[in-house]
Every structure is written in structure tokens, then in C-alpha cells.
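Q: let's see this in three dimensions:
(one chain, ligands or ions: 1)
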Amino acid sequence: MNSIQHILISCILFAYVPACNSFVISQQQSASSSSSSSSSASLQSIISSHHATATTTTTTLSVSSITSPKDIVISTTDDDARSQFGTKDYWDELYQGRGDFPAEEYSWYFGWEGYGKLVKEHIVSKDCEILIPGIGNDGILLDLLRNGYNRLTATDYSEHAIERQKDLVSYEYSEDAVELMPMDARQMEGDWTGRFDAVLEKGAFDAIYLSGDGNLEQSVKEIERVLKPGGVLLSVSGVVPDELRKEVFREWEWVRDGSHELKAGCFVLKRPAKR
Ligand SMILES: C[S@@+](CC[C@H](N)C(=O)[O-])C[C@H]1O[C@@H](n2cnc3c(N)ncnc32)[C@H](O)[C@@H]1O
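A: Next up is the predicted model:
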């Protein structure tokens, strides 16, 4: 193969690389080397050129000690984002801008085939009340409904993701099969305290971590608040640094540690029974 052919093939591969892979590459770079911002930036510029261009506007949390959602002040600047995947504009533009694209293309890391077994193992009762924050374009709601889970609530801070989900669910189920609403995972409904038996998140913690310091910690506090004591969190995550994960979940029961899994780890954690 001559060098011109080689360059052409590389360009084609970049154009078709799924966004989730881009995310992983970019994140590993961002997480492992905060000093490599120039190479990270150039990688991100390659990625952005294959999606609608996203401007950077992160959401920053400005209160450190929080006891109730009312105390939380979320500002609307994106200045502290570690990458475009930590910006709301990126997600808004993605969900709004690409028209219909297959769920498989935009289900991050993997779908039900990758972790449905864990869901069934750790969320045994079909009547469990389940929250899925940062639902994005994932097809998990249909998978859960098809498997008999019937008390589902899903949120995303991008209202466009919520609109997509409403469409997706309506292909097979009635409008009220799932409670769907735009909501920031760092500041959830005040009256949700102790409501859920289980939380399923995939890639949301990663995006939240990338939105800037303190945001992951805040969303974990919120998830702890809305979970029942002893409730289960199933987290599929590939970007949050291990040390930070250990720190934010130090008081949780680690049922399954996914740290050593390759593409993204499947973590199963139980909310501490007492606070
Ligand atoms: C990597 S995508 C994962 C989407 C989906 N869970 C999946 O597995 O395909 C991250 C998602 O988290 C959402 N997100 C990011 N920050 C958020 C926040 N603070 N509150 C709620 N959703 C957020 C984004 O809009 C995006 O849909």
C-alpha cells in the first residue's frame, strides 16, 4: 500500500469510528495526562470534525457541602470541562443534530447483551423501582421493559435525549410505560429521597466527571440520596479514575469491582444502609 492509500484509508476509518470509541480514547488521554492538553485537544478536534461542532459550555457546581438539593447552586458555565464530552452543548447538539441513528451506534460501551445478565442478577424483582440517569440514546428502557421491569424512571440533562427516548419507547410501549424527564443528575427532585431500589448508569458518571471537578462527587451524593438504604447502583464506567471512584464510594459496599475490565468496568455497589 502506498502512502497516499494509507492516508486515505486512515481518513475513512476516522470518519466511521463510533463516537463511543472516540470517547474512550479521548478520555483515557484526558484522565491519564492532564498535561497533554495540546494532544488531547488535537484528538478532540478530529473527533468534533465528524460530529456537529460542539461549543464548550459545562455546568459547574459551586457548593461543596450539601445537605439537601435546595442548597445546591449549579452555574451554567462550561469553563471547567475536561473535554467536549463534559459539556451540555455537545450532548444537546448530538441528540438534536444527527437525525435518526441506530441505538447500537450510540449506546455507549455496550448494550443489554453486555450487562443484561448483571441487571437480572442484582435487580431480581421486576417490581423494583429503577432510575436511569443520563439515559442518552441508549436502548436500555426497551430492554428493561421487554424483560418485565415495569417501574422505570429515566432522566438526562439534555431535553433532546428525553425527546428521543419518548420516540424510542413509543415504538413498542405506551407513553406512560416509563417516567421520562429532563433532569441534572447533580440536582434531582427533592422528594425523591429514598425512592429507588436501584440506579443503572452507563457512561453518565464518565461524562459528569469530564464536566469538571466536584461534579462526580455531587452526582454520587444525589444518587445516594435517592436510593433506598441498601439500594443497588449498577455503573458501567470507563473514564472515572480508579482512585476517585474508590474515594467517592469508600463507604459503599463493593459487590462487584469492574476496575480490571477492558473497555469499561461493570461496577455493582450498594448504598450504605446507615448514614
Ligand atoms: C456517554 S453518554 C451515555 C448515554 C447512555 N447512558 C448510554 O449508555 O448510551 C452520557 C450521557 O450523560 C448525560 N449527562 C451528562 N452530564 C449529565 C448531568 N449532569 N446530568 C444528567 N445527564 C448528564 C449526557 O447528556 C449523555 O446522554
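
Q: that's a strand at residue 132, yeah?
A: Yes - remark: residue 132 belongs to a strand, assigned using DSSP: H, G, I helix; E, B strand; the rest coil.

Q: does the closest residue to it other than its chain neighbours lie in a helix or a strand, and which?
A: Closest residue to residue 132 in three dimensions, ignoring its sequence neighbours and counting by C-beta to C-beta, 6 or more residues apart in numbering: residue 154, at 4.2 Å. For glycine as for every other residue, the C-beta is placed from the backbone atoms N, C-alpha and C. Here residue 154 is covered by strand 151-156, with elements defined by DSSP states H and E.

Q: what mean pLDDT does the helix or strand following that strand have?
A: As assigned by DSSP H and E, the chain's next helix or strand after strand 151-156 is helix 159-170. Average pLDDT, helix 159-170: 93.

Q: pull helix 159-170 out as CSV, backbone CA atoms only.
A: Below are the C-alpha coordinates for helix 159-170, written out as CSV (Å, rounded to 0.1, in the frame of the first residue of the first chain):
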residue,chain,number,x,y,z
GLU,A,159,-34.0,17.5,26.9
HIS,A,160,-33.3,16.3,23.3
ALA,A,161,-32.2,13.0,24.7
ILE,A,162,-35.5,12.8,26.6
GLU,A,163,-37.4,13.5,23.3
ARG,A,164,-35.5,10.8,21.6
GLN,A,165,-36.3,8.3,24.4
LYS,A,166,-40.0,9.1,24.2
ASP,A,167,-39.9,8.3,20.5
LEU,A,168,-37.9,5.1,21.1
VAL,A,169,-40.2,3.8,23.8
SER,A,170,-43.3,4.6,21.8
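
Q: what about residue 232, helix or strand, and which?
A: Short version: residue 232 belongs to strand 227-237, going by DSSP H and E.

Q: elements contacting that strand?
A: helix 112-122, strand 196-202, helix 204-210, strand 265-270 (3 or more C-beta pairs under 8 Å, 6 or more residues apart in numbering; DSSP states H and E).

Q: quick one: mean pLDDT for the longest one?
A: To tie it back to what came earlier, the one meant is helix 112-122. Averaging pLDDT residue by residue across helix 112-122 gives 95.

Q: helices or strands up against it?
A: On a contact count with 3+ C-beta pairs under 8 Å, 6+ apart, helix 112-122 meets helix 140-146, strand 196-202, strand 227-237, strand 265-270.

Q: does the first one reach the ligand?
A: This means helix 140-146. No - Helix 140-146 lies out of reach of the ligand by C-beta under 6 Å from any ligand atom, never closer than 7.1 Å.
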